[in-house]
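Colleague: fold the following for me, if possible:
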Amino acid sequence: MKLYYSPGACSLSPHIVAREAGVAVELVKVDLKAKRTESGADFLQINPKGSVPALQLDDGELLTEGPAIVQYLADLKPESGLAPANGTLARYRLQELLGFINSELHKGYSPLFNPATPEGVRSERKAALSRHYALLEQRLAKQSWLLGDEFSAADAYLFTVTNWAGHVDLDLSQFGTIAAFQQRVAKRPLVQAAMQAEGLISNVSA
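Modeller: Numbers count the residues shown, from 1 in each chain. Below you'll find the model as predicted:
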């Protein structure tokens with residue numbers, strides 16, 4: 001399988017999940033502005049949406065959208081515990097969290113990366129993000145991970161988007177539990193391996 005990614009983008013989430021699950025994927029770096037892969041291929045011919053992540057399966061099928069991809073990868077190795085079993089309430093809780101992170105956090109950050117976004121819109125988006133983080137702060141004050149005692153695909157997604165805060169001047173200093181969560185995820189060896197592979201951090205053993 002091939003995972004099309006851009007360093008530090010939302011594609012880091014399925015990259016982490018693949019490593020945590022022990023699923024081998026070939027990483028293909030994409031220049032999102034040029035819509036070209038590292039080898040020069042036209043990315044729009046691969047994924048007409050022009051966005052990452054995109055997962056090309058061994059049979060040639062293409063799966064897009066992060067929440068779908070992380071569940072697919074987790075289900076390849078159910079023993080990893082990254083996604084509860086299908087049909088259980090716990091699985092719907094995972095989907096609930098993935099949907100919340102996708103619609104309220106991920107999309108909330110998007111206009112903040114655009115320099116043309118008016119200041120009024122920026123302020124409104126930051127205020128909304130802070131409200132959403134307050135809910136997650138309450139949840140994580142009661143448990144180590146979003147679903148309880150075990151790291152899941154939702155944690156990988158939250159970690160990925162929350163890493164963007166510093167790039168858009170979003171102040172999360174009031175959320176100490178979120179900060180502790182970010183540190184816990186960042187210390188996971190396979191998360192570090194994913195970030196090293198994307199060039200986001202240097203070799204921590206160096």
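
Colleague: for the closest residue to D149 other than its chain neighbours, phi and psi?
Modeller: Once flanking residues are discounted, D149 sits nearest to Q143: 6.8 Å by Cβ to Cβ, 6 or more residues apart in numbering. Heads up, the C-betas are built off the backbone N, CA and C, glycines and all. When quoted as degrees, to the nearest 10, the phi and psi of Q143 stand at phi -160, psi 160.

Colleague: how many residues are close by D155?
Modeller: 27 (other Cβ atoms under 10 Å).

Colleague: actually, S173.
Modeller: 8.

Colleague: please name the nearest non-neighbouring residue to it.
Modeller: Here the residue nearest S173, using Cβ to Cβ, 6+ apart, is A179, at 7.8 Å.

Colleague: please report the distance of A127 from G108.
Modeller: Distance from A127 to G108, counting by Cβ to Cβ, to the nearest Å: 10 Å.

Colleague: who has more neighbours out of those two?
Modeller: More crowded of A127 and G108, by other Cβ under 10 Å: G108, with 22 against 10.

Colleague: now the element after the longest helix seen in the chain, going C-ward?
Modeller: In the chain, assigned by DSSP state H, the helix with the most residues is helix 119-140. Next helix or strand after helix 119-140 toward the C-terminus (DSSP states H and E): helix 153-162.

Colleague: just how off-centre is the helix or strand following that following helix within its chain?
Modeller: The first helix or strand that comes after helix 153-162 along the chain, using DSSP H and E, is helix 176-186. Here the centre of helix 176-186 is set off from its chain's centre by 15 Å, with Cα atoms, centre = their mean, to the nearest Å.

Colleague: for stretch 86-93, same thing?
Modeller: Worked out by Cα atoms, centre = their mean, stretch 86-93 lies 20 Å from the chain centre.

Colleague: so what touches it?
Modeller: D75, A83, P84, A85, L147 (Cβ atoms under 8 Å, 6 or more residues apart in numbering).

Colleague: what does stretch 67-81 give?
Modeller: Under Cβ under 8 Å, 6+ apart, the answer for stretch 67-81 is 13-14, 17-18, 20-23, 25, 53, 55, 63, 82-83, 85-86, 94-95, 98-99, 102, 150-153, 156-157.

Colleague: of the residues you listed, which belong to strands?
Modeller: The members of the contacts of stretch 67-81 that map onto strands under DSSP state E are L55, L63.

Colleague: now the contacts of stretch 67-81: which count as buried?
Modeller: Buried by 16 or more other Cβ atoms under 10 Å: 13-14, 17-18, 20-21, 23, 25, 53, 55, 63, 82-83, 94-95, 98, 102, 151-153, 156-157, out of the contacts of stretch 67-81.

Colleague: with only the CA atoms kept, save stretch 186-205 in CSV.
Modeller: Extracted C-alpha coordinates of stretch 186-205, given in CSV (Å, rounded to 0.1, in the frame of the first residue of the first chain):
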residue,chain,number,x,y,z
ALA,A,186,5.0,12.7,21.4
LYS,A,187,6.9,10.3,23.6
ARG,A,188,5.5,7.2,21.9
PRO,A,189,8.4,5.5,20.0
LEU,A,190,6.3,4.8,16.9
VAL,A,191,5.0,8.4,16.8
GLN,A,192,8.6,9.6,17.0
ALA,A,193,9.4,7.2,14.1
ALA,A,194,6.6,8.7,12.0
MET,A,195,7.7,12.2,12.7
GLN,A,196,11.3,11.5,11.9
ALA,A,197,10.3,9.8,8.6
GLU,A,198,8.4,13.0,7.7
GLY,A,199,11.4,15.2,8.7
LEU,A,200,9.4,16.9,11.5
ILE,A,201,11.9,16.0,14.2
SER,A,202,15.5,14.9,14.2
ASN,A,203,16.6,11.4,15.3
VAL,A,204,15.9,11.6,19.0
SER,A,205,18.7,9.1,19.8
